[in-house]
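*Asks:* no letters, just coordinates:
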């Protein structure tokens with residue numbers, strides 16, 4: 001048994017039992033993977049996969065148990081390397097952040113600027129995607145940490161920590177009738193076409209919840225994953241916008257009117273997540289603290305420790 005065989009096992013399952021896709025992802029051939037999996041089965045005396053001819057049809061129950069152990073071993077092997085690198089190349093390496101558009105565009109730029117100045121030898125990567133996509137990237141080791149508002153706490157394999165709370169605002173073209181109201185109401189918003197986030201993004205659930213609780217059905221004319229798209233179509237007069245306050249920059253958005261909506265929609269919490277049992281480099285702890293000063297290395301390490309105790 002070797003780590004390469006365990007990588008093959010893990011990747012086959014990741015690719016929905018498609019050996020060709022697993023081979024492409026690992027830059028090898030389908031026959032090479034198939035041969036190594038059969039050798040592993042012979043060595044262990046356990047059938048890992050059920051086959052329909054040459055095609056893998058399912059993973060067996062013993063195979064599922066082996067997969068859990070294999071993933072733990074692969075993570076330990078990666079932690080082994082990370083630990084060594086912490087000593088011989090303390091201020092160099094790679095850090096990959098997986099996040100949503102709102103965080104990448106509006107929350108992260110000043111943090112990235114500080115971090116790159118502090119660690120010029122660390123290669124920083126930013127991956128954008130849906131909350132589900134970025135969580136999966138961290139779980140599979142394709143990213144080191146992920147940042148989003150939704151869904152992260154639903155993944156058992158992640159340690160999730162709250163970073164900051166934020167609210168929605170309403171935007172309209174100048175001189176829109178809503179801008180003349182002393183205070184916005186949900187009933188007033190429901191009279192106009194609304195442009196806001198797609199269901200998986202930026203607290204959309206809180207928007208839906210507010211209208212449902214008020215017994216109102218909003219006219220959602222357009223949804224987007226990108227706050228800039230929302231602002232563009234509001235500017236064109238296609239509707240009013242509901243977006244994250246952080247995504248509205250007054251000095252840049254002089255052609256739009258922003259209105260307070262904190263009393264209409266519940267606050268949202270942006271969270272950061274790390275894979276359980278992950279060994280974090282010192283600069284990773286530093287990045288997290290730059291993004292959320294309350295998340296000191298001690299706080300993060302304690303949360304990681306507690307998650308390990310819970311898992312055991």
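*Replies:* Sure thing, it's come through. Quick caveat, the model's predicted, so the values are computed rather than measured.
*Asks:* which element follows the helix or strand of the chain with the lowest mean pLDDT toward the C-terminus?
*Replies:* Lowest by mean pLDDT, DSSP states H and E among the helices and strands of the chain is helix 61-88, with a mean of 78. Going down the chain from helix 61-88, the next helix or strand is strand 92-99, by DSSP states H and E.
*Asks:* other SSEs contacting whichever helix or strand comes after that next one?
*Replies:* Next helix or strand after strand 92-99 toward the C-terminus (DSSP H and E): helix 101-102. With contacts defined as 3 or more CB pairs under 8 Å, 6 or more residues apart in numbering; DSSP states H and E, there are no secondary structure elements packing on helix 101-102. The way it works is simple: take the backbone N, C-alpha and C, and place the C-beta from them, glycine included.
*Asks:* pLDDT of the helix or strand just after helix 101-102, averaged?
*Replies:* Next helix or strand after helix 101-102 toward the C-terminus (DSSP H and E): helix 109-118. Average pLDDT, helix 109-118: 96.
*Asks:* also stretch 131-151?
*Replies:* Averaging pLDDT along stretch 131-151 gives 89.
*Asks:* go ahead and confirm residue 189 touches residue 220.
*Replies:* No: between residue 189 and residue 220 there is no contact under CB atoms under 8 Å: 11.1 Å.
*Asks:* with neighbour numbers in mind, choose between these two.
*Replies:* residue 189 (23 against 17; other CB atoms under 10 Å).
*Asks:* which residues touch the more buried one?
*Replies:* By CB atoms under 8 Å, 6 or more residues apart in numbering, the contact list for residue 189 reads 170, 178, 218, 240, 242, 264.
*Asks:* okay if I get these as JSON lines plus neighbour count and distance to residue 133?
*Replies:* Converted to JSON lines, those look like this (neighbours: other CB atoms under 10 Å; distance: CB to CB, whole Å):
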{"residue": "170", "neighbour count": "26", "distance to residue 133": "28"}
{"residue": "178", "neighbour count": "18", "distance to residue 133": "34"}
{"residue": "218", "neighbour count": "20", "distance to residue 133": "27"}
{"residue": "240", "neighbour count": "28", "distance to residue 133": "29"}
{"residue": "242", "neighbour count": "27", "distance to residue 133": "23"}
{"residue": "264", "neighbour count": "23", "distance to residue 133": "29"}
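*Asks:* in strands only, show me those.
*Replies:* Those of those mapping onto strands are 170, 240, 242, per DSSP state E.
*Asks:* bridging residues for the first one?
*Replies:* Spelled out, that is residue 170. Here residue 170 sits in beta bridges with residue 242, residue 259, as judged by DSSP bridges.
*Asks:* surely it and residue 263 touch.
*Replies:* No: contact between residue 170 and residue 263 fails when scored by CB under 8 Å: they sit 11.2 Å apart.
*Asks:* need the overlap of contacts for those two.
*Replies:* residue 184.
*Asks:* in the strand or helix carrying residue 301, what's buried?
*Replies:* For residue 301, the element it lies in under DSSP H and E is helix 297-311. Residues of helix 297-311 classed as buried by neighbour count (16 or more other CB atoms under 10 Å): 300, 304, 307.
*Asks:* would you confirm that residue 60 contacts residue 51?
*Replies:* No: using CB under 8 Å, residue 60 makes no contact with residue 51, being 10.5 Å away.
*Asks:* who's residue 128 bridged to?
*Replies:* residue 99.
*Asks:* tell me who's in contact with it.
*Replies:* Contacts for residue 128 (CB under 8 Å, 6+ apart) come out as 98, 99, 100, 101, 104, 134.
*Asks:* how near is it to residue 35?
*Replies:* With the distance defined as CB to CB, to the nearest Å, residue 128 ends up 37 Å from residue 35.
*Asks:* do residue 165 as well
*Replies:* Distance check for residue 165 against residue 35: by CB to CB, it reads 53 Å.
*Asks:* and what of residue 283?
*Replies:* 40 Å.
*Asks:* cool, and residue 43?
*Replies:* Note on residue 43: its distance to residue 35, by CB to CB, is 13 Å.
*Asks:* same question for residue 262.
*Replies:* For residue 262 relative to residue 35 (CB to CB), the value is 61 Å.
*Asks:* how about residue 224?
*Replies:* Separation of residue 224 from residue 35 (CB to CB) stands at 47 Å.
*Asks:* just residue 143 next, same as before
*Replies:* 31 Å.
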